[in-house]
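Novice: coords below, sequence missing:
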């Protein structure tokens with residue numbers, strides 16, 4: 001599925017819709033260049049999960065945990081991960097195979113660690129349409145994410 005958004009608010013809204021439909025154990029893999037809106041869509045997903053905390057990118061921590069919503073949220077940023085062992089050292093498997101929802105920014109950096117079932121959220125700038133216009137591609141790997149058809 002491909003969606004065009006014209007501003008940050010529309011990006012947040014798509015994230016919110018995903019978060020409202022998210023289930024325990026869901027894994028969302030975000031891919032996109034710097035400044036495309038990966039953290040904004042994460043904020044929207046958190047809102048859809050009723051997370052009340054302020055969502056920030058865990059650039060230096062690798063993972064931020066939020067437990068104020070209807071499901072626990074694990075927000076990974078693996079941009080600075082140089083070796084898959086780094087991600088294992090923080091207990092990556094324990095997070096993504098838990099009852100929480102995992103969001104992984106820069107998931108393409110750790111492709112070999114991603115389980116077979118996940119929702120790919122790819123965000124691309126569409127500068128030919130305007131500075132803030134983005135194409136959001138949602139691709140389901142596994143049947144558990146069939147709910148994206150309702151977004």
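Specialist: That came through, no problem. Since we're looking at a predicted model, the values are computed, not measured.

Novice: now for the closest residue to residue 129 other than its chain neighbours: which residues touch it?
Specialist: Leaving aside its sequence neighbours, residue 129 sits nearest to residue 4 (CB to CB, 6 or more residues apart in numbering; 7.5 Å). The C-beta positions use only the backbone N, C-alpha and C, and glycine is treated the same way. Residue 4 makes contacts with 126, 129, 133-136, as judged by CB atoms under 8 Å, 6 or more residues apart in numbering.

Novice: which of those residues are buried?
Specialist: Taking 16 or more other CB atoms under 10 Å as the criterion, what is buried in the contacts of residue 4 is 133-136.

Novice: out of those residues, name the ones that lie in strands.
Specialist: 134-136 (DSSP state E).

Novice: tell me the secondary structure for the residue of the chain most remote from its centre?
Specialist: No residue in the chain sits farther from the centre than residue 128, which is 25.3 Å out by CA atoms, centre = their mean. Per DSSP: H, G, I helix; E, B strand; the rest coil, the secondary structure class of residue 128 is coil.

Novice: and the pLDDT for it?
Specialist: pLDDT recorded at residue 128 is 87.

Novice: enumerate the positions of the one helix or strand residue 86 maps to that are buried.
Specialist: When elements are defined using DSSP states H and E, residue 86 is found to belong to helix 84-89. Within helix 84-89, the residues scored as buried using 16+ other CB under 10 Å are residue 87.

Novice: from residue 57, how far off is residue 125?
Specialist: To residue 57, residue 125 is 18 Å away according to CB to CB, to the nearest Å.

Novice: neighbours of the spatially closest residue to residue 130 that is not a sequence neighbour, just the number please.
Specialist: Excluding its sequence neighbours, the residue lying closest to residue 130 (CB to CB, 6+ apart) is residue 6, at 6.9 Å. Counted with other CB atoms under 10 Å, residues neighbouring residue 6 total 13.

Novice: and residue 6, what does it touch?
Specialist: Counted by CB under 8 Å, 6+ apart, residue 6 has contacts 130, 132-133.

Novice: follow-up on the earlier one: which SS class is the residue nearest to residue 129?
Specialist: strand.

Novice: okay, and the beta partners of it?
Specialist: Following DSSP bridges, residue 4 is listed with bridge partners residue 135.

Novice: and it, what's its pLDDT?
Specialist: Confidence score, pLDDT, at residue 4: 95.
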